[in-house]
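Trainee: Here you go, sequence then predicted model.
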Amino acid sequence: MALWFRIEYFVSRSTTSIVAVLNGASRDGRERICMPELAIGTEHLTRSFGSVKAVDDLTLEVPAGSVFGFLGPNGAGKTTTIHLLLGLLEAASGYARVFGLNCRTHADQIRARTGALLEFSGLYERMSAEDNLDLFGRIHHMSAPDRHARTKELMVHLDLWDRRKDSVGTWSRGMKQKLAVARALFHHPALIVLDEPTSGLDPVAAAALRDDLAILVKSESATVFLNTHNLAEAERLCTLVGVIRKGKLLALGSPDELRFKQGGPRAEIIGLGFTDDLLARLRGRPEVSGAELRSGHLLLTLRGDARVGPLVSLIVRQGGEVEEVRKGAASLEDVFLTLMEEERS
Amino acid sequence: MSDIFTVMWKEWKDSLFQGGWRAWIRPSLLMGIVGIIWPLVGKAAWMDLSPLQMVVVLWVEFFVVISIVADSFAGERERHTLETLLATRLPDRAILLGKVAIVVLYGWGVLVVSLLLGAGVCNLAYGQEHSIFYPADMLSFTLVLGLLIGTFGAGAGVLLSLRSSTVRMVQATLSIGTVVLGGAIIALLQLLPKWFFQTFTTDQILLMVAGIIALLDILLVAIAMLRFQRTKLIAR
């Protein structure tokens, strides 16, 4: 039997400093004073639609300058949270602040400092691309030369300049999303809100937009609030991640912190013959804290700096076939799926 | 004010004159009917701008306004642009008044061009030694009432469009409302006693009408402003 070992070991330790206040903190009812370095702060934020709690007791703090990824399945409450932050919906209870401004009473000032790409691109398809950007420059009282310069800068960067005179309705979905991103960044906002920016794009267009976002986000030095259910996107772009399901915040931290919270290093073994008996034997090993089958792959959670070699030998001795072994920290996808399962159970 | 102009600029580009020459078909047809065909049918008497002619011209303008205004919010909602517009720094008042103003100006523009066209056609077709023009008082009343009736149609349309999910729904409601309104006006005119028309001159009656419509305009726009709440405009 051909045995091919491919061992990848990647452990990174995060030293990212974040202020993470999870549900239950500060229950004295007093409003926390938002420091200037805090871009977004919510406390016990709740919003229901009929009997459904779209956002449920959400307490969250996002430091200024960070790229915050809000992860969750469809209907988790991500879009509702954005609507609450922008004053497009009223909270049933709790409060939210953006740059220290109350979202209920100072939403207009918040919107002035925010650029948003919401659930839909929101582009005026009968207008040209150039006019779409120009409109948002006018809205933010930019001078005509500034509007023109910014239009050129962003459209050239996103490779859209040659088609600036075209009606947006004639463009592909990927191009429209790029233009919507340009529009969100147009007036150099302090907060950029992106609601599933790569949703509905083909993999190539999504990857291209992700690359553009990564560069633009870095160059704009703004705070970014990114709603996504794309874990690779969050892993690529975000410095801070919140996981939400059914309106409840399940976890908050940097991607590395979340991975480490999930346990020690992991080994993913691809092969055949992973019987229940084999799993029981593996669980009985001192260096293994967990063994489970996920999509036919054997996932082992290891203790400390355990070696995988002896475990692979055990599997082979027990009649298992091993084709590939990967060792590394838990991925954000592992973290996400585990959190979803925990919450469900 | 600059925010209102921004919204008007947007509406002009997006709704009224998008798509190149095709955008000119509808207003050109209307102006052709009101500014060329009707004056040719009415001959030189068209230049009297009698109250009946005034009603017909204003009725056309009203239809122009209500056919466009339905799109103001419901259209943006249908095309998924409303949410993004509401997420900008534009004040509520600027969005609402900008949308009302552009529709009123569009309808009024159609009215003015139609009247000028009609005057030109009458002068060319029935011109005598001196050029003829509309009586100053009737023309002034037509223009003022045009603005007021346009605002009335735009205010009612925006009010309906604010919370409607489709443009078609708003258009249907406005069409029914217009028929009911027309019927009510005719019934009212028949119910008015004869002494009313003997007591007051045409100018006085037109002034009263203008005053009533102005009050209705203020009421409609005020209600629309009260109902314009961002937190209730995004459907889920």
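Mentor: Happy to help now that I have it. Numbering: from 1, shown residues only, chains lettered A, B, ... in the order given.

Trainee: Double-check that B:Val64 belongs to a strand.
Mentor: No: according to DSSP: H, G, I helix; E, B strand; the rest coil, B:Val64 belongs to no strand; its state is helix.

Trainee: got the contact list for it?
Mentor: Shown in contact with B:Val64 (C-beta atoms under 8 Å, 6 or more residues apart in numbering or on different chains): B:27, B:30, B:106-107, B:110. C-beta coordinates here come from the backbone N, C-alpha and C atoms, glycine included.

Trainee: Highest neighbour count among those residues?
Mentor: B:Gly107 (30 neighbours; other C-beta atoms under 10 Å in any protein chain shown).

Trainee: List the buried residues of the helix or strand containing that residue.
Mentor: Under the criterion of DSSP states H and E, B:Gly107 resides in helix B:92-126. Neighbour-count burial for helix B:92-126 flags B:94-115, B:117-119, B:121-123, B:126 (criterion: 16 or more other C-beta atoms under 10 Å in any protein chain shown).

Trainee: Just the CA coordinates for the helix or strand A:Asp256 falls within, please, in PDB.
Mentor: Here A:Asp256 sits within helix A:255-261, counting by DSSP H and E. What follows is helix A:255-261, C-alpha atoms only, in PDB (Å, rounded to 0.1, in the frame of the first residue of the first chain):
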ATOM      1  CA  PRO A 255      -9.200  34.200  13.900                       C
ATOM      2  CA  ASP A 256      -6.100  32.800  15.700                       C
ATOM      3  CA  GLU A 257      -7.700  33.100  19.100                       C
ATOM      4  CA  LEU A 258     -10.800  31.300  18.000                       C
ATOM      5  CA  ARG A 259      -8.800  28.600  16.500                       C
ATOM      6  CA  PHE A 260      -6.800  28.100  19.700                       C
ATOM      7  CA  LYS A 261     -10.000  28.200  21.800                       C
END
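
Trainee: Pairing partners for the next helix or strand after it, with directions?
Mentor: The helix or strand immediately downstream of helix A:255-261 is strand A:266-272, counting by DSSP H and E. Paired with strand A:266-272 in the same sheet, following DSSP bridges, are strand A:297-302 (antiparallel), strand A:321-328 (antiparallel).

Trainee: Tell me how far the longest one lies from the chain's centre.
Mentor: Read that as strand A:321-328. 28 Å (C-alpha atoms, centre = their mean, to the nearest Å).

Trainee: Over to stretch B:166-177?
Mentor: 16 Å.

Trainee: Return the set of buried residues in it.
Mentor: Result for stretch B:166-177 [16+ other C-beta under 10 Å]: buried residues B:167, B:170-171, B:173-174.

Trainee: Which residues does that stretch contact?
Mentor: So stretch B:166-177 is contacted by B:66-67, B:69-71, B:74-75, B:78, B:153, B:156-157, B:160-161, B:164 (C-beta under 8 Å, 6+ apart).

Trainee: And stretch B:192-211, by the same measure?
Mentor: By C-beta under 8 Å, 6+ apart, stretch B:192-211 touches B:51, B:137, B:141, B:144-145, B:148.

Trainee: how is chain A carved up into domains?
Mentor: A:38-259, A:263-329 (automatic domain parsing).

Trainee: Worst mean pLDDT among these?
Mentor: With a mean of 85, domain A:263-329 has the lowest mean pLDDT of the domains of chain A.

Trainee: before we move on, back to that, closest to A:Gly328 among the contacts of B:Val64?
Mentor: Each of the contacts of B:Val64 was checked against A:Gly328 using C-beta to C-beta; the closest is B:Tyr106, at 63.1 Å.

Trainee: pretty sure the closest one contacts B:Ile68?
Mentor: Yes: checked against C-beta atoms under 8 Å, the pair B:Tyr106 and B:Ile68 is within contact range at 6.4 Å.

Trainee: gap between B:Ala187 and B:Leu145?
Mentor: Distance from B:Ala187 to B:Leu145, counting by C-beta to C-beta, to the nearest Å: 20 Å.

Trainee: A helix includes A:Val55, no?
Mentor: No: assessed by three-state DSSP, A:Val55 does not belong to a helix; its assignment is strand.

Trainee: for chain A, what spans make up the strands?
Mentor: Listed in chain order, the strands of chain A (DSSP state E) span A:38-49, A:52-63, A:67-71, A:93-98, A:101-102, A:114-117, A:191-195, A:223-228, A:240-245, A:248-253, A:266-272, A:288-294, A:297-302, A:321-328.

Trainee: Mind putting the ones you listed into CSV with distance to B:Ala224?
Mentor: CSV is the format used below for the strands of chain A (distance: least, C-beta to C-beta, whole Å):
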stretch, distance to B:Ala224
strand A:38-49, 26
strand A:52-63, 28
strand A:67-71, 35
strand A:93-98, 28
strand A:101-102, 27
strand A:114-117, 25
strand A:191-195, 28
strand A:223-228, 32
strand A:240-245, 36
strand A:248-253, 38
strand A:266-272, 59
strand A:288-294, 56
strand A:297-302, 59
strand A:321-328, 59
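
Trainee: residue contacts, residue 96?
Mentor: Just so you know, I chose chain A. Contacts of A:Ala96 by C-beta under 8 Å, 6+ apart are A:40-43, A:45, A:84-85, A:102-104.

Trainee: hmm, I had chain B in mind actually
Mentor: B:158, B:221, B:224-225, B:228.

Trainee: and what of A:Leu86?
Mentor: Taking C-beta under 8 Å, 6+ apart as the definition, contacts of A:Leu86 comprise A:103, A:107, A:110-111, A:114, A:116, A:193, B:87.
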